[in-house]
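Q: next come a sequence and a model predicted from it.
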Amino acid sequence: MDARLIGLASVVAATLAAGETPARAAAAPARVFAVDDGVRLRRSDTAGAIALGREISAGAGSGDIPLLALRGETVAVQLVVVADQAPIEQLKVALSPFSEGGADRPQAAIFRAHYLTVAARSRNDRHPGESLGWSAGARPPDAEVQGEVPDALIPIDLDPHPVLPGPEVPARQSSLFWIDVVVPAEAPAGPYRAAGTLTTGQGTLLSRFQIRLQVLPALLPYRATSVFIYYEPDRLDSRLGTRATAEPQLWQLLHAHHIDALPPLRGASDLARVHAALDGSLYRRPGPGPGVGVGVMALGAYGTLGAPGEESLARVEEMLPGLPAGGAEVFLYAIDENCRSPRAGEWSRALAGRPATAGRVRVAQTCNDPIDRQPVDVALFSADSFTRGLPGAARAVGRRAWIYNGFLPRTGTLLLDADPRGLTANGWIAAVMAIPRWFYWESTFWDDDNRGGRGAIDPFTTAESFHNADGDAALGDGLLLYPGRQTGRFAGRSLGADQLLPSIRLKFLRRGIQDAGLIALAARERPAETSAILARAIPAALDEARLDQPASWETAPQGLADGRAALRALITRPDAIAPAEIISIFDDLAARRRTLVPLAPTPRQIKVRRWLATAGIATAITIALLLARRAQTRRAVRPV
């Protein structure tokens, strides 16, 4: 399969030039294509499925789907069904267990894609072309992101009809299934096979396929780069009706994607409620990271502990015995996006003066002020302000700098109306820039209840999920998980499951975190070659990127899928890599990056260059006019 993305217009042109149309196989109700997990196809992107996929339709030849994975890696494939002249009311997928491996064999999970209509775009009403997710120069074109876009992924054992009424595939359009293949760390290297079928609801066979998985000897590190995402337990109660079942499953879901969940821990009872998630006992084989506890946790997320006082300090100290043993980094989230507040400094002084907390709990805030002027142990910088020199500058003054959210073209963005490859690119950026941790502000933002919000939405029908008092509107911002059950006014559109459902954007985010593991393994053996791959696949990020241009990975000399294949080719050692070694490797890659890739010119430098260019043109015109006048004068006085 060719996993590289190219502009849809060129895909359509190439397909039509070859005489290929979705209706070529007139005798069949639909054609089926296996497409890798590096592309998101809208309902109307039928030509993209044909051009980028491997056809596995019944009677179309081989139905083999080759996949390659390391031990401990999750890989995925999409089955894209392109309907002919008539709609298809219902589709069914069946897949046998993998035939080898015994108890440690790979496990597959199949999801049905749910589509949202993207019409109006993410925006800021006061600054045309801009949004919370991008600069005007990096705004994704309407033609590439509008229409029916897949995002929520519904497990095939759930009835989709409450949120996905028929037909499942409209005439001459497409629908897709997403198949995750989880390879346990204990799985023996070698080949594995699983046989599957895709049929219509009436039993018509559309595809008979076989997943051929080759597991390589190398072991992918779990959570090679740290990502953590906030959620609010109260939303689970108000939307699903209960947190008792849904909350542990939310932790398991994020953990399976190499991500830490971040709840608002405000007291000992909160810690006790999620203790199994914190210490790792909630996560068992054969899934990713069995027994691995959290890497990072926050006390009083978003400043919910208030100012330090006897009561709030007592609450912090009562939580200390409940903190899991091990390497989890614990920080007190003093204040959010208010650099003028004295709160962070007050907490730093208060904790330093208490023997129980001194050295055990770091103080953090989200603030873009210079790192040496912040009275905290950890400063979280927004993606539009984070620079590649920040991690080193923070260490030089005894602090740490983390990044939060995303902003094109410096990083990928969470927004639904952007290419989700940017979320994969974020894993590459974290590795090559040695960014210690990446924070995403929310995952269950179904209620649009911040200042300036417009109230609760049904996330299965409403793409525009976020508004604020600053004129921002955003699609999918803070919404990476979907509710399996809905109560109250949205009860008629409930899937009846006490669980959270993943999104396609979450899958792209996981792919990037896993890619960071591939980067670490490749650079352990071949650092120079790995650096070159990173420079080709991510030519510019953070302050290397110009804000007046699109994201570099969208037009890079080497696509992320090809870069991933090149990284795999460098990995020969089967032994595990230690977390401390990964940190050292990423620091080395960051140093190499500084010699390979220049920073983008600052706005002042661009202005000066434009002035010089303008002045140069004006000077050249003046000289040309003077020379022309001189020549004319000479001709006028030439003797007859």
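A: Arrived safely, thanks for sending.

Q: return the list of strands paired to the top strand by length along the chain, each annotated with direction.
A: Counting by DSSP state E, the longest strand found in the chain is strand 205-219. With DSSP bridges as the test, strand 205-219 is paired with strand 64-71 (parallel), strand 190-200 (antiparallel).

Q: buried set for it?
A: Within strand 205-219, the residues that count as buried by 16 or more other C-beta atoms under 10 Å are Leu206, Ser207, Arg208, Phe209, Gln210, Ile211, Leu213, Val215, Leu216, Ala218, Leu219. Placement of C-beta: from N, CA and C, glycine included.

Q: about what we covered before: which among the strands paired with strand 205-219 is found nearest to Asp234?
A: Ranking the strands paired with strand 205-219 by distance to Asp234, with C-beta to C-beta as the measure, places strand 64-71 first at 38.1 Å.

Q: with just CA atoms, put the closest one into CSV.
A: Extracted in CSV, the C-alpha atoms of strand 64-71 (Å, rounded to 0.1, in the frame of the first residue of the first chain):
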residue,chain,number,x,y,z
ASP,A,64,-3.8,-10.1,1.4
ILE,A,65,-3.2,-7.2,3.8
PRO,A,66,0.5,-7.1,4.8
LEU,A,67,1.3,-5.4,8.1
LEU,A,68,4.6,-5.0,9.9
ALA,A,69,5.1,-4.4,13.6
LEU,A,70,7.5,-4.6,16.4
ARG,A,71,6.8,-6.4,19.6
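
Q: re earlier: so how far is the longest strand of the chain from its chain's centroid?
A: 24 Å (C-alpha atoms, centre = their mean, to the nearest Å).

Q: try stretch 567-578
A: Remark: stretch 567-578 is offset 24 Å from the chain centroid, using C-alpha atoms, centre = their mean.

Q: in it, which residues are buried?
A: Quick answer for stretch 567-578 (16+ other C-beta under 10 Å): Leu567, Arg568, Leu570, Ile571, Ile577.

Q: tell me which helix or strand the second one sits in.
A: Here Arg568 is covered by helix 560-570, with elements defined by DSSP states H and E.

Q: please enumerate the strands of the stretch 401-550 of the chain.
A: 437-440, 464-467, 472-475, 481-483, 500-502 (DSSP state E, counting those that start in this stretch).

Q: average pLDDT for the last one, rounded please.
A: In this case it means strand 500-502. Regarding strand 500-502, the rounded mean pLDDT is 98.

Q: neighbouring contacts of it?
A: Contacts to strand 500-502, defined as C-beta atoms under 8 Å, 6 or more residues apart in numbering, come from residues 111, 152-155, 246, 249-250, 253, 257, 444, 480-484, 495.

Q: give me the below-cutoff pLDDT ranges for this protein.
A: 1-27, 101, 603-616, 618, 620, 631-640 (pLDDT under 70).

Q: follow-up on the earlier one: the strands paired with strand 205-219: which one's closest to Leu262?
A: Per C-beta to C-beta, nearest to Leu262 of the strands paired with strand 205-219: strand 64-71, 27.6 Å.

Q: how about the closest one: buried residues?
A: Ile65, Leu67, Ala69, Leu70, Arg71.

Q: show the subsequent helix or strand relative to it.
A: Later in the chain than strand 64-71, the nearest helix or strand by DSSP H and E is strand 74-83.

Q: so that following strand versus strand 205-219, what angle?
A: 160 degrees (axes from the mean of the first three to the mean of the last three C-alpha atoms, to 10 degrees).

Q: strands paired with strand 74-83, and their directions?
A: Going by DSSP bridges, the partners of strand 74-83 are strand 30-36 (antiparallel), strand 174-182 (antiparallel).

Q: can you add distance to Pro191 and give those back as JSON lines?
A: Listed next are those as JSON lines, based on distance: least, C-beta to C-beta, whole Å:
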{"stretch": "strand 30-36", "distance to Pro191": "18"}
{"stretch": "strand 174-182", "distance to Pro191": "13"}
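
Q: would a markdown table of those strands with mean neighbour count and distance to Leu79 be doable?
A: As requested, those are exported to a markdown table (neighbours: other C-beta atoms under 10 Å; distance: least, C-beta to C-beta, whole Å):
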| stretch | mean neighbour count | distance to Leu79 |
| --- | --- | --- |
| strand 30-36 | 24 | 6 |
| strand 174-182 | 23 | 4 |
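
Q: other SSEs contacting the helix or strand harbouring Pro150?
A: Using DSSP H and E, Pro150 sits in strand 147-155. In terms of contacts (3 or more C-beta pairs under 8 Å, 6 or more residues apart in numbering; DSSP states H and E), strand 147-155 is packed against strand 107-118, strand 500-502, helix 504-525.

Q: buried stuff in it?
A: Of all the residues in strand 147-155, those buried under the rule 16+ other C-beta under 10 Å are Gly147, Glu148, Val149, Pro150, Asp151, Ala152, Leu153, Ile154, Pro155.

Q: cool, stretch 476-485 as well?
A: Residues Gly476, Asp477, Gly478, Leu479, Leu480, Leu481, Tyr482, Pro483, Gly484, Arg485 are the ones in stretch 476-485 that count as buried (16+ other C-beta under 10 Å).

Q: now swap in stretch 579-589 and tell me
A: Ile582, Ile585, Phe586, Asp588, Leu589.

Q: what's Ala120 in contact with, if anything?
A: Glu464, Ala473.

Q: can you verify it is assigned to a helix?
A: No. Assigned with DSSP: H, G, I helix; E, B strand; the rest coil, Ala120 falls outside any helix and is coil.

Q: could you pull up phi and psi at it?
A: Per-residue torsions, Ala120: phi -70, psi 150 (degrees, to the nearest 10).

Q: so how far is Leu480 from it?
A: Computed as C-beta to C-beta, to the nearest Å, the Ala120 to Leu480 distance reads 21 Å.

Q: Gly422 now?
A: Distance, Gly422 to Leu480, by C-beta to C-beta: 14 Å.

Q: Glu337 is nearest to which of the strands paired with strand 74-83?
A: Nearest to Glu337 among these is strand 174-182; the distance by C-beta to C-beta comes to 34.7 Å.

Q: follow-up on the earlier one: and the two most separated of the buried residues of stretch 476-485?
A: By the measure C-beta to C-beta, Asp477 and Arg485 form the most distant pair in the buried residues of stretch 476-485, at 22.9 Å.

Q: which strands or helices does the helix or strand following the longest strand of the chain pack on?
A: Heading C-terminal from strand 205-219, the first helix or strand you meet, by DSSP H and E, is strand 226-230. Here strand 226-230 touches strand 260-262, strand 437-440, going by 3+ C-beta pairs under 8 Å, 6+ apart.
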